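**Q** Model the following, please.
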Amino acid sequence: MQLNLAQVLNTLAHEIRTPLAVSQGYLKLYLDGRLTDVDDTRKAFEQTRQALGTLATLCVDMGKVSALSESASQGIPERLAAADFVKSVQAQSEIEGATWSGDAGTRAIETTNARELAHAVAIVSKAAFDEAREAPRTVRTEAGDELIVLAGANDSLTALQPGPGAPNARPVDFAKGGKGLKLIWAAFVLDKHRVQTWTVADHRASVGFRFPLVKA
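**A** Got it, this is the predicted structure:
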């Protein structure tokens, strides 16, 4: 996982800055007496309420990230059929509407928390889908000694197939702004399960996952 403390703190600062600025801005307008219309005042306080709600959510996310980073090695691994794991990823609301293809094989993955891992995969996949905008969203699975999951814009997935060791492969930017701390939380979960992730230069709208497999 290509993530360090500086990246986490920079992302957190970026995410906090916007709702703080919104709250301060609307409160200053009110205190300066510039919100004279009742409807404008109501809208301003509603925006402030939403901004403070975002800050509250960030506090919750910080707690989740902290808990993961402090207990990265805890938990007893359990084996789960790779096909069942893929089904649980498919069920995640973040990636509803994606077209799925491929095979998960007959082997299993080891996980200390299958639901948590499936959610992490969905969060990172959604970030790629967001980059794809209106392009067809596809998830492909390939099974062998490892389970490969490729997610993103359909026309960019082929570039991912050479894997994370390819010359033009690059680490996923988990510290990307505008996503709250969800991507950072997902990075810790994936790292805990020894899942490799990668993307390809000039293909931000796709991401690859490589899961170690064991005999079922």
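
**Q** quick check: longest helix of this structure.
**A** Taking DSSP state H as the criterion, the chain has its longest helix at helix 38-70.

**Q** Any buried residues in it, and which?
**A** 44, 48, 51, 54, 58, 61, 62, 64, 65, 68 (16 or more other CB atoms under 10 Å). In this view, the C-beta of every residue, glycine as well, is placed from N, C-alpha and C.

**Q** Could you dump those into TSV and include pLDDT?
**A** As requested, these are arranged in TSV below (pLDDT from 0 to 100):
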residue	pLDDT
44	93
48	94
51	91
54	87
58	82
61	79
62	80
64	75
65	77
68	67
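
**Q** can you pull out the strands in the chain?
**A** 78-81, 99-102, 108-111, 137-143, 146-153, 169-170, 196-200, 203-212 (DSSP state E).

**Q** if we can go back for a sec, check which helices and strands the longest helix of the chain is in contact with.
**A** Applying 3 or more CB pairs under 8 Å, 6 or more residues apart in numbering; DSSP states H and E, one finds that helix 38-70 contacts helix 5-31, helix 182-192.

**Q** tell me the angle of the first one relative to helix 182-192?
**A** Angle of helix 5-31 versus helix 182-192, following axes from the mean of the first three to the mean of the last three CA atoms, to 10 degrees, is 160 degrees.

**Q** For the longest helix of the chain, what is the distance to the chain centroid?
**A** In terms of CA atoms, centre = their mean, to the nearest Å, the centre of helix 38-70 is set 19 Å apart from its chain centre.

**Q** same question, stretch 155-169
**A** 19 Å.

**Q** where does the protein dip in pLDDT?
**A** Under the criterion of pLDDT under 70, the regions of the chain flagged as low confidence span 1-5, 68-75, 177-178, 202-203, 216.

**Q** list the contacts for the closest residue to residue 207 other than its chain neighbours?
**A** Of all residues not flanking residue 207 in the chain, residue 128 sits nearest, at 4.5 Å (CB to CB, 6 or more residues apart in numbering). Residue 128 sits next to 151, 152, 153, 199, 204, 205, 206, 207 when contact means CB atoms under 8 Å, 6 or more residues apart in numbering.
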